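# heads up, no residue letters with this:
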């Protein structure tokens, strides 16, 4: 089961990298075409030239954020998948499974996806005898998740608690950015984290999970 999931995750990461490759390559060709048009005097004003360049630039930015969100989703879904069994065996109030639902209102069904991220990580840590937050790549994956939340909830503006008050010159508000290179780096960081998580779970299975 773990082997199958490992292959699926690897395929999804490769697909994200391929998607970004194509968007960046297409934008590069468009930038080159725009520059040739500029040299040929096709733009009446510098503003027209800037506007033409902004189109592929914005497209790359959207692709970078999309890749970042997909990566954050992968990390979260993998943690929820690992937390599912310990959640079912936990002493938290249910019903936690359709079998337990009985004649109760389906809206009373509690799923692992209803938990906060720290609760999900706690379940994984306790059941597998590992420390998710100590795994290689976790810090970067956590920062990526925070950045994606900033885009989702505040159009990219950083939360007040995450503002760099020592920034010079100081800006307010401060905004998250994710460039194409940062998106490529995020793919590598999330790959590292998922591999480290998989190895930790595998070692736990070899010695017997504690749940």
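Perfect, thanks for sending it. Every value quoted in this text rests on a predicted model; they were computed, and no experiment measured them.
# May I ask which helix or strand of this protein has the lowest mean pLDDT?
Within the chain, confidence by mean pLDDT, DSSP states H and E is lowest for helix 98-101 among all helices and strands, at a mean of 62.
# for the helix or strand just after that one, which positions count as buried?
Remark: after helix 98-101, the chain's next helix or strand is helix 117-128, criterion DSSP states H and E. Going by neighbour count (16 or more other C-beta atoms under 10 Å), the buried part of helix 117-128 is 120-125, 127-128. Every residue, glycine included, has its C-beta placed from N, CA and C.
# where does this structure have low pLDDT?
1-2, 94-106, 108, 153, 155-171, 173-175, 208-211 (pLDDT under 70).
# So which residue is smack in the middle of it?
Centroid-nearest residue in the chain: residue 72, 1.5 Å away (criterion: C-alpha atoms, centre = their mean).
# element containing that residue, please.
Taking DSSP H and E as the criterion, residue 72 maps to helix 46-88.
# coming back round to it: could you tell me which residues make contact with the residue nearest to the centre of the chain?
The contact partners of residue 72, by C-beta atoms under 8 Å, 6 or more residues apart in numbering, come to 141, 144-145, 148.
# if we go to 7 Å?
Taking C-beta atoms under 7 Å, 6 or more residues apart in numbering, we find residue 72 in contact with 144-145, 148.
# Report the angle between the helix holding residue 72 and helix 117-128.
Computed by axes from the mean of the first three to the mean of the last three C-alpha atoms, to 10 degrees, the angle separating helix 46-88 from helix 117-128 equals 40 degrees.
# quick check, distance from helix 46-88 to the centre of its chain.
With C-alpha atoms, centre = their mean, to the nearest Å as the basis, helix 46-88 stands 7 Å off its chain's centre.
# list the helices and strands the helix or strand hosting residue 3 packs on?
Using DSSP H and E, residue 3 sits in helix 2-39. Packed against helix 2-39 by the contact rule (3 or more C-beta pairs under 7 Å, 6 or more residues apart in numbering; DSSP states H and E) you find helix 46-88, helix 180-207.
# In a markdown table: those helices, plus distance to residue 13.
Shown next, in a markdown table, are those (distance: least, C-beta to C-beta, whole Å):
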| stretch | distance to residue 13 |
| --- | --- |
| helix 46-88 | 8 |
| helix 180-207 | 6 |
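# So for residue 7, which of those helices sits nearest?
Relative to residue 7, the nearest member of these by C-beta to C-beta is helix 180-207, separated by 11.2 Å.
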